[in-house]
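S.K.: I need the structure of the sequence given here:
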Amino acid sequence: MREDQEQLRNFLLDRLHGVGGRGDHRALERFNHCLDIVTGRRSFVTARPLTLPFPRLPAIPFFHPEDYDWVPKVEAAFPHVLQELQGVLDQRDRFTPYVQTPPGQPKGQFAALDRTLDWGAFFLWKNGERIDDHANLCPQTEAALIEHAPLNTVRGRAPVAFFSALKPGTHIPPHNGATNTRLTVHLPLIVPRDCALRVGEETHVWQPGKLVMFDDTIEHEAWNFSDQLRVVLIFDIWHPMLTDLEKRLVAHTVEGIMAYYGEGADLGEL
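M.R.: Modelled structure (predicted):
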């Protein structure tokens with residue numbers, strides 16, 4: 001089968017020679033992925049939201065930051081964010097375990113990371129609330145996000161923004177996020193060698209100061225196989241293909257789910 005698929009690929013490439021004109025990599029990206037799927041080089045990646053699936057949004061692993069005019073404004077703050085992070089790292093005891101499974105709930109695939117600082121978090125905003133003691137230490141970081149990024153806002157849930165620290169040798173196992181109504185954004189700050197992020201079948205190596213935008217409802221994982229700490233700033237934004245009306249409806253729906261099950265219910269990262 002593999003031999004047949006390679007022969008089919010070569011046959012199609014011969015037939016397609018010149019059809020793409022002078023299209024660059026970006027112009028041909030989706031079609032090239034299509035050809036990879038047809039000829040067995042990659043699978044058809046789908047999004048699998050765990051809690052709130054929003055239909056008719058395409059499953060795009062990585063979005064192109066250059067398409068969004070707010071991105072350069074956030075990236076311009078990189079030196080200031082890195083400086084404020086260094087101050088935070090001097091107070092490492094302020095980091096808390098990112099994975100904290102509620103008592104009585106199964107730990108599942110994150111058992112190895114549960115309540116450990118192998119994956120630590122320093123929250124500026126959490127569940128829609130400003131963590132004053134933390135945010136006050138990082139005024140320029142917070143300003144860059146609040147003033148420029150299209151942060152999603154849901155009462156009791158969002159925005160969320162935090163420094164994510166992976167200790168040497170840490171692996172975040174493959175998983176899917178709660179809802180495709182948002183994108184996860186990374187601003188890489190400290191990136192040693194042997195660190196990367198996989199979304200679907202695409203692997204991305206962080207570059208300090210360069211934003212990474214991805215749909216976390218597509219299976220993804222991250223790792224730090226170096227002997228140094230890796231830190232990125234993580235925040236969520238609205239999915240850029242949602243209309244303003246849809247954003248309002250999604251926010252009210254999430255608030256309604258919380259009201260139905262109770263404010264203290266464990267709804268994951270919805």
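S.K.: For the stretch 101-250 of the chain, which segments count as strands?
M.R.: Remark: strands assigned in the stretch 101-250 of the chain by DSSP state E, counting those that start in this stretch are 119-126, 129-130, 161-166, 170-175, 182-190, 195-199, 202-204, 212-214, 220-224, 230-238.
S.K.: Include mean neighbour count when you put those strands into a markdown table, please.
M.R.: C-beta coordinates here come from the backbone N, C-alpha and C atoms, glycine included. Formatted as a markdown table, the strands of the stretch 101-250 of the chain follow (neighbours: other C-beta atoms under 10 Å):
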| stretch | mean neighbour count |
| --- | --- |
| strand 119-126 | 21 |
| strand 129-130 | 14 |
| strand 161-166 | 24 |
| strand 170-175 | 16 |
| strand 182-190 | 23 |
| strand 195-199 | 19 |
| strand 202-204 | 15 |
| strand 212-214 | 20 |
| strand 220-224 | 20 |
| strand 230-238 | 23 |
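S.K.: Could you point out which of those sits nearest K73?
M.R.: strand 182-190 (11.9 Å; C-beta to C-beta).
S.K.: Can you give the distance from the closest one to the centre of its chain?
M.R.: 6 Å (C-alpha atoms, centre = their mean, to the nearest Å).
S.K.: Stretch 4-14 now?
M.R.: Worked out by C-alpha atoms, centre = their mean, stretch 4-14 lies 35 Å from the chain centre.
S.K.: Pull it out as PDB, backbone CA atoms only.
M.R.: The C-alpha trace of stretch 4-14 is given here as PDB (Å, rounded to 0.1, in the frame of the first residue of the first chain):
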ATOM      1  CA  ASP A   4       1.200   2.400  -4.300                       C
ATOM      2  CA  GLN A   5       0.700   5.600  -2.400                       C
ATOM      3  CA  GLU A   6       4.200   6.800  -3.300                       C
ATOM      4  CA  GLN A   7       3.600   6.000  -6.900                       C
ATOM      5  CA  LEU A   8       0.300   7.800  -6.800                       C
ATOM      6  CA  ARG A   9       2.000  10.800  -5.300                       C
ATOM      7  CA  ASN A  10       4.600  10.900  -8.000                       C
ATOM      8  CA  PHE A  11       2.000  10.400 -10.700                       C
ATOM      9  CA  LEU A  12      -0.100  13.300  -9.300                       C
ATOM     10  CA  LEU A  13       2.900  15.600  -8.900                       C
ATOM     11  CA  ASP A  14       3.700  15.100 -12.500                       C
END
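S.K.: Show me what counts as buried in that stretch.
M.R.: R9 (16 or more other C-beta atoms under 10 Å).
S.K.: got the contact list for it?
M.R.: With C-beta atoms under 8 Å, 6 or more residues apart in numbering as the test, stretch 4-14 has contacts from 35, 38-41.
S.K.: re earlier: save the strands of the stretch 101-250 of the chain as JSON lines, and put in mean pLDDT and distance to L8 too.
M.R.: Formatted as JSON lines, those follow (pLDDT from 0 to 100; distance: least, C-beta to C-beta, whole Å):
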{"stretch": "strand 119-126", "mean pLDDT": "98", "distance to L8": "43"}
{"stretch": "strand 129-130", "mean pLDDT": "98", "distance to L8": "55"}
{"stretch": "strand 161-166", "mean pLDDT": "98", "distance to L8": "41"}
{"stretch": "strand 170-175", "mean pLDDT": "97", "distance to L8": "30"}
{"stretch": "strand 182-190", "mean pLDDT": "98", "distance to L8": "35"}
{"stretch": "strand 195-199", "mean pLDDT": "98", "distance to L8": "27"}
{"stretch": "strand 202-204", "mean pLDDT": "97", "distance to L8": "23"}
{"stretch": "strand 212-214", "mean pLDDT": "98", "distance to L8": "31"}
{"stretch": "strand 220-224", "mean pLDDT": "98", "distance to L8": "30"}
{"stretch": "strand 230-238", "mean pLDDT": "98", "distance to L8": "40"}
